[in-house]
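Participant: Mind looking at a prediction? Sequence and model below.
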Amino acid sequence: MEAVIAVVALLFLLFVALGAYVTVKAVGAAKRGVDRTLSQARRTVEDTTLRARTFAQPGPVGELAQLRLKLRTSMRATQDALHAGVAEDESLKESLALFDRLSAHGHELDGELRRLETEPDRAKLGQRLPGLRERTEQIIHSADSLRWAARDRARRFADDDLASLSAQIDMEAGALRHWTTERTTTPASSWPEAPAPEDATSGGQGWPETPESGTAEAPTRSAITPPGRRPTYPWQKKPRPESTT
C-alpha cells in the first residue's frame with residue numbers, strides 16, 4: 001500500500017513539474033513575441049518619424065534624419081540576411097561575428113546622430129556633418145558588402161545544385177527511354193543507277209537496257225546471202241542453145 005502511495009505521489013510531482021515547465025516556456029515565448037512586436041512597432045514609428053523629418057525639416061536636422069534612416073535600413077537588412085543564411089550555411093558565422101562588431105559602431109553612430117538632432121547650435125552642427133556623413137557611408141558600405149556577399153554565395157549554391165539536379169534528371173530521362181537506343185534503323189532501298197552515256201550527244205538518265213530491247217532495235221539481216229551475177233570472159237565459149245528436137 002505504501003508503495004502505491006509513493007508511486008502516485010511521484011507521478012503527481014512529475015505532472016506538476018512538467019506543467020510548470022510548459023507554463024514557463026509558454027510565458028517566455030509569449031514574452032518574446034510581445035517584445036518582438038513592440039520592437040517592430042517602435043522601429044516603424046521611428047522610421048516614419050525620420051522620414052517626416054527628412055521632408056519637413058530641411059538643413060542639418062533633416063540631413064541627420066536622412067543619415068539615421070539610411071544607416072538603420074542597411075544594418076537591419078544585413079542582419080536579417082545573415083541570420084537567415086547562417087541556418088543553412090555554417091560558414092556565415094564568421095560573417096555574422098564581423099557584423100556584430102560593425103553593429104556596435106552602427107549603434108554608437110545612431111545614438112550620436114539622435115543626440116545631435118536636439119543640438120541648438122546649427123553652425124556647429126553643420127561643421128560636424130561632413131565627418132558624420134563619411135562615417136555613415138563607411139558603415140553602410142561595409143554592411144552592404146556583407147549582405148551582398150552572403151546573397152551571392154547562396155545564389156551560387158542554388159545554381160550549382162540546380163545544374164547538378166538538371167544533369168541527374170537528364171540521365172534518368174535517358175534511362176527511362178532505353179528503348180530508343182536499342183532500336184535499329186534499316187537503310188531505305190535505292191533505285192539502281194543508270195549506266196554512263198555512250199556518246200556525248202545522248203543526254204539525261206535512262207533505264208538499263210535489256211537483251212530483248214537490243215535485239216529488237218538491231219537491223220534485220222538474212223541468214224544466207226543471195227548469189228550475185230557471175231562475170232563473163234571473152235575466151236569462154238558461148239553456151240549452145242538446146243535443140244528442140
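Facilitator: That came through fine.
Participant: what about the chain, any weak spots by pLDDT?
Facilitator: For the chain, the stretches flagged by pLDDT under 70 are 31-36, 38-40, 43, 180-245.
Participant: Let me see the ranges of the helices in this structure.
Facilitator: Along the chain, the segments classed as helices by DSSP state H run 2-56, 60-86, 92-116, 122-176, 179-182, 211-217.
Participant: so what secondary structure elements neighbour the fourth one?
Facilitator: In this case it means helix 122-176. Identification of packing neighbours for helix 122-176 by 3 or more C-beta pairs under 8 Å, 6 or more residues apart in numbering; DSSP states H and E yields helix 60-86, helix 92-116. Using the backbone N, CA and C atoms, a C-beta is placed for each residue, glycine as well.
Participant: ok, 10 Å please
Facilitator: Helices and strands touching helix 122-176, by 3 or more C-beta pairs under 10 Å, 6 or more residues apart in numbering; DSSP states H and E, are helix 60-86, helix 92-116, helix 179-182.
Participant: again with the third one
Facilitator: For helix 92-116, the helices and strands in contact under the criterion 3+ C-beta pairs under 10 Å, 6+ apart are helix 2-56, helix 60-86, helix 122-176.
Participant: From the contact counts, what lies against the first one?
Facilitator: By that I understand helix 2-56. Counting contacts by 3+ C-beta pairs under 10 Å, 6+ apart, helix 2-56 packs against helix 60-86, helix 92-116.
Participant: Can you say which of the helices and strands packed on helix 122-176 is packed in most?
Facilitator: Most buried of the helices and strands packed on helix 122-176 by mean neighbour count (mean count of other C-beta atoms under 10 Å) is helix 60-86; its value is a mean of 19.
Participant: just to revisit the earlier point, let's have the helices and strands packed on helix 122-176 in CSV, adding distance to residue 166.
Facilitator: Listed next are these as CSV, based on distance: least, C-beta to C-beta, whole Å:
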stretch, distance to residue 166
helix 60-86, 24
helix 92-116, 26
helix 179-182, 20
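Participant: between these, which one is nearest to residue 141?
Facilitator: helix 60-86 (8.9 Å; C-beta to C-beta).
Participant: just checking, what packs against that closest one?
Facilitator: Counting by 3+ C-beta pairs under 10 Å, 6+ apart, helix 60-86 packs on helix 2-56, helix 92-116, helix 122-176.
Participant: looking at those helices, which is buried most?
Facilitator: A comparison of the helices and strands packed on helix 60-86 by mean neighbour count, using mean count of other C-beta under 10 Å, puts helix 92-116 on top with a mean of 15.
Participant: Okay then, goodbye and thanks.
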